[in-house]
Each structure stands twice: as C-alpha cells, then as structure tokens.
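Peer 1: Need a 3D model of the following:
(one chain, ligands or ions: 2)
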Amino acid sequence: MTSLPAVLITGASSGIGAVYADRLARRGHELVLVARDKARLDASAARLRETYGVEVNVLQADLTAQSDLATVEARLRDDTRIQILVNNAGIAQSGDFLQQSAVSIDALIALNATALTRLAAAIAPRLVQVGAGTIVNISSVVGLAPELGMSIYGATKAFVLFLSQGLHLELSPKGIYVQAVLPAATRTEIWERAGIDVNILPEVMDVEELVDAALVGYDRRELVTIPPLHVAERWDVLDGARQGLLSDVRQAHAADRYRHQA
Ligand SMILES: NC(=O)C1=CN([C@@H]2O[C@H](COP(=O)(O)OP(=O)(O)OC[C@H]3O[C@@H](n4cnc5c(N)ncnc54)[C@H](OP(=O)(O)O)[C@@H]3O)[C@@H](O)[C@H]2O)C=CC1
Ligand SMILES: N[C@@H](C=O)C(=O)O
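Peer 2: Ligands and ions are numbered 1, 2, ... in the order given. Coordinates of the predicted model:
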C-alpha cells in the first residue's frame, strides 16, 4: 500500500509522458495513463506494474474528442485518489503559418490549449477542497520564441505558461502547487509526427534527462522549470521586466506618444 497520491498523466504512451510515468511509478505513485494508443498504454502499464509494483490504470482517450475529454474530466473530478495531474499531451506544428488548414489549427489548439485547460479546471476544485495537490503543465521554450517560426504551436505553449502563472497566483494560496515545464528540443516522436527529422537539429536533449531535470524543479516546487536554460537569472530578468512594465501601465489615459498632435 502506498500513501502517495495517484497521478494522472496525459500523453503517457510515448516520449516525455512515458518517462514521467516511469519516474513517478518508481517513486511509488499509482498512475492513470491517458492517450489514444491503448496497446502502447497497456504494454507500458504492465511493465510499470511488474517493475515497480504500483497500480497502473489505463484510460484511452482522444483529448480532442469532446466525449473522451469529458470522460477524463469526470475521472479527475471523481477519483479522489488522484491529486497530481501531469498535463503533457501535445502535438507540434507541421509547416509554417501559411500552410495551416482549419483542421490542423483546430487540432493544435484543441489538444495543446483547450484540453489542457479543461483538465486543470476539472481537478482544481477538488484539490482546493482538500487544500493539496499538483498541476504540472508542459509548455515549451518555443512559447518564448516567436523567432522559431512555429507561430500557432508557440502560441499554445505561451498560453500554457501564462495559464500556469495565473493558476499559481490563484491556487497556491489554497495549497495547490502549479509547475510549468519548458523543454527545448527533446528527442521524442513529436518531431516525426510533425514531419520533421529530429536529426537535422543541431542539439537535442534526451528525454530521460529532460524529465529527470523537470522533476528536480518539481521537488524544489519551482513555478517555472526550464531544464535547457543554463543561466537561471535570464528567466528572473525576463519575468521581472514583465512585472516592471505593468507599473508603467496607466489605465486612465493613453500615453503621450499616442495623443493627436494639434
Ligand atoms: N519533444 C520536444 O522537443 C518538446 C516537447 N514538448 C511538449 O512535450 C509534450 C509531450 O510531447 P513529446 O513527448 O515530445 O511527444 P510525443 O509525440 O512522444 O508524445 C505525445 C503524447 O501525446 C499523446 N497525444 C497526441 N495526440 C493526442 C490526442 N489527440 N489525445 C490524447 N493524447 C494525444 C500521444 O499519444 P497517442 O498518440 O497514443 O494519443 C503521446 O503519448 C507536448 O506537450 C509537447 O508540446 C515541449 C517542448 C519540446
Ligand atoms: N516540440 C517542439 C517543437 O515542435 C518544441 O516545443 O521544441
């Protein structure tokens, strides 16, 4: 028997989510693994049960399908053992902005932004009720870098960072820990799925190294964890500048430079 809370991990069938599943099972957490590929989830669950002796449940869901999303939301609302959500499922952008179709735009936003937000919203009230729990949201360094040319994907990841910062402000006084994790290029299937050969990238992090580093940030209860950022103060300066900017926003009048010159 474990006294640790259970963890629901989305996108647990491969890549970052699969390594989170391994590491959290190793720590003794019971797991609920969510993704579309049930065969992969079942195989992973069997291995984790066998290796670590923890209970692992599989919940097959396409998080862009309303009925499946509602099923996962219900699980998060009702299963009181789950006190940690790892909001990881995501897809990358194939092609530049001019190559996007209505379908590809919808899919990116539905999975990376809408589903992630809906799942956080499903679990948060219950966590607040007990005054404990964790929401880990997987963002990306791309969310800080429009220069990288993945405008919609990056926008969803900027959304995830903003949402995490907002949830931290709203929920941490109620006992909830929120973490945003910003990987940079990490060797997973996401690249191939988006039609990008990962081997053309000059530098790529191994997925185990990424998740182990993210868990160091988690154990320190960091709000924003950027494993590939080697100078931590860069983030502090960026976020400090953002907060400083707010002190020069005056709502009553437009700034002088926007006033009509007579
Ligand atoms: N790898 C990288 O370079 C980086 C990744 N990230 C982020 O990390 C997260 C994980 O990606 P990563 O591990 O790299 O990629 P993978 O492609 O390996 O994993 C993505 C996971 O999401 C699941 N998934 C995809 N579509 C859906 C869907 N419609 N419904 C439910 N689950 C779905 C996949 O499972 P299935 O197909 O079985 O549904 C899979 O388990 C993403 O949010 C990504 O944006 C951030 C920065 C860098
Ligand atoms: N998944 C990557 C982009 O496609 C990233 O976030 O770096």
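
Peer 1: who in the stretch 101-250 of the chain is up against ligand 2?
Peer 2: Residues of the stretch 101-250 of the chain that fall close to ligand 2, judged by CB under 6 Å from any ligand atom: 140, 142, 150, 153, 184, 185, 190, 194. C-beta coordinates here come from the backbone N, C-alpha and C atoms, glycine included.

Peer 1: Kindly indicate the member of the residues you listed with the most neighbours.
Peer 2: Among these, residue 140 has the most neighbours (other CB atoms under 10 Å), with 28 neighbours.

Peer 1: nearest residue to that residue other than its sequence neighbours?
Peer 2: Leaving aside its chain neighbours, residue 140 sits nearest to residue 157 (4.0 Å; criterion: CB to CB, 6 or more residues apart in numbering).

Peer 1: Helices - which of the residues of the stretch 101-250 of the chain next to ligand 2 land there?
Peer 2: Among these, the residues falling in helices (DSSP state H) are 153, 190.

Peer 1: what's the closest of the residues of the stretch 101-250 of the chain next to ligand 2 to ligand 2?
Peer 2: residue 140 (3.3 Å; CB to the nearest ligand atom).

Peer 1: May I have the residues that are in contact with that closest one?
Peer 2: 153, 154, 157, 160, 182, 183, 184 (CB atoms under 8 Å, 6 or more residues apart in numbering).

Peer 1: Let me see the contact set for the last one.
Peer 2: The neighbours of residue 184, taking CB under 8 Å, 6+ apart as the test, are 140, 141, 142, 205, 228.

Peer 1: mind showing which ranges of the stretch 1-150 of the chain have poor pLDDT?
Peer 2: Residue ranges of the stretch 1-150 of the chain with pLDDT under 70: 1-2.

Peer 1: can you give me the strands in it?
Peer 2: With DSSP state E, counting those that start in this stretch applied, the stretch 1-150 of the chain shows strands at 6-10, 31-35, 56-60, 82-87, 133-138, listed in chain order.

Peer 1: Need the winner for burial among the ones you listed.
Peer 2: strand 31-35 (a mean of 27; mean count of other CB atoms under 10 Å).

Peer 1: So which other helices or strands are in contact with that one?
Peer 2: Strand 31-35 is packed against strand 6-10, helix 15-26, helix 38-52, strand 56-60, with contacts defined by 3 or more CB pairs under 8 Å, 6 or more residues apart in numbering; DSSP states H and E.

Peer 1: quick one: which of those is nearest ligand 1?
Peer 2: Nearest of those (CB to the nearest ligand atom): helix 15-26, 2.2 Å.
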